[in-house]
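J.: Mind folding the following:
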Amino acid sequence: MARYYRRRRRKDDTLETLLFLGALTAAGLYGRLSAQDINLLISGLLLLPGVILALVLFIQIKRTRHAKEKLRALNLVDIRYMDGLAFEKYVAELMKSQGYTRVTLTERYDYGIDIVALKDGVRWGVQVKRYSNMVKAEAVRQVVTALNKYNCQRAMVVTNSTYSRPAKVLAESNNCVLIAKDELTEWILAFQKGGYRNRASATRELSDSSPDQTA
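T.: Now for the predicted structure:
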């Protein structure tokens, strides 16, 4: 937060300096300019903040695009070199590409849920685990018990690894979705291709064209 404040303060200082220099220039030239020139100068000074704001926004957009391009270049091998927070941010971007909205990270020291997201009217609480070993049942227990804390209806655990049998059993009994290495790979591939592809219509067509299997 302090670093962000300093960056913003520097931007404000730059804007104030430019406006001050513009005012000094206008004052110095006031006695030498015609009325038409003065009007043009005033118009230019009025437009100057808008130009500066547009430039700042352009730079910010370029930085955001560059950051997303870097994220798309990542793969499962790169995940090993992320810290926990970087992996949470990466998973949040992957979830956006899967059609989740209002994707936000919780506080740094969470109570079992790292990401909160919305999809199809359902509010999801997501526990993110960057593990080299198998994810155990404790991760499922944490996210399920934290649902009420974050006002979520469904639970999910995402990992770059795999899950133990007790974790799978506990997840099934609590309607908790487990995203393991294979599913995460599919998310990454979709993200690298440029985003979410709505598969709902294709799934509906397949189900309509398939024979009824129920007895």
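J.: Which residues outside the strand or helix carrying residue 85 are in contact with it?
T.: If you go by DSSP states H and E, residue 85 is part of helix 84-97. Identification of contacts with helix 84-97 by C-beta atoms under 8 Å, 6 or more residues apart in numbering yields 68, 71, 74, 79, 82, 103-105, 108, 114-115, 117, 126, 128, 130, 158, 160, 184, 187-188, 190-191, 195-196. Any C-beta I mention is one placed from the backbone N, CA and C, and that applies to glycine too.
J.: Among the residues you listed, which lie within helices?
T.: Applying DSSP state H to these, the entries found in helices are 68, 71, 79, 184, 187-188, 190-191.
J.: Would you format the residues you listed as JSON lines with distance to residue 49 included?
T.: Converted to JSON lines, the ones in helices among the contacts of helix 84-97 look like this (distance: C-beta to C-beta, whole Å):
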{"residue": "68", "distance to residue 49": "29"}
{"residue": "71", "distance to residue 49": "33"}
{"residue": "79", "distance to residue 49": "43"}
{"residue": "184", "distance to residue 49": "45"}
{"residue": "187", "distance to residue 49": "42"}
{"residue": "188", "distance to residue 49": "42"}
{"residue": "190", "distance to residue 49": "41"}
{"residue": "191", "distance to residue 49": "37"}
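J.: Most widely separated two among those?
T.: Distance extremes for these: the farthest pair is 68 and 184 at 18.0 Å, using C-beta to C-beta.
J.: max-length strand in this protein?
T.: strand 122-129 (DSSP state E).
J.: Show me what that strand is packed up against.
T.: When contacts are defined as 3 or more C-beta pairs under 8 Å, 6 or more residues apart in numbering; DSSP states H and E, strand 122-129 sits against helix 84-97, strand 115-119, helix 137-145, strand 154-159.
J.: higher neighbour count, residue 68 and residue 184?
T.: residue 184 (19 against 14; other C-beta atoms under 10 Å).
J.: per-residue pLDDT, that one?
T.: At residue 184, the model reports a pLDDT of 90.
J.: what's the spacing between it and residue 151?
T.: Separation of residue 184 from residue 151 (C-beta to C-beta, to the nearest Å) stands at 26 Å.
J.: And for residue 112?
T.: Going from residue 112 to residue 151 by C-beta to C-beta gives 14 Å.
J.: And those two? Which one has more around it.
T.: Neighbour totals were compared for residue 112 and residue 151, and residue 112 leads with 20 against 9 (other C-beta under 10 Å).
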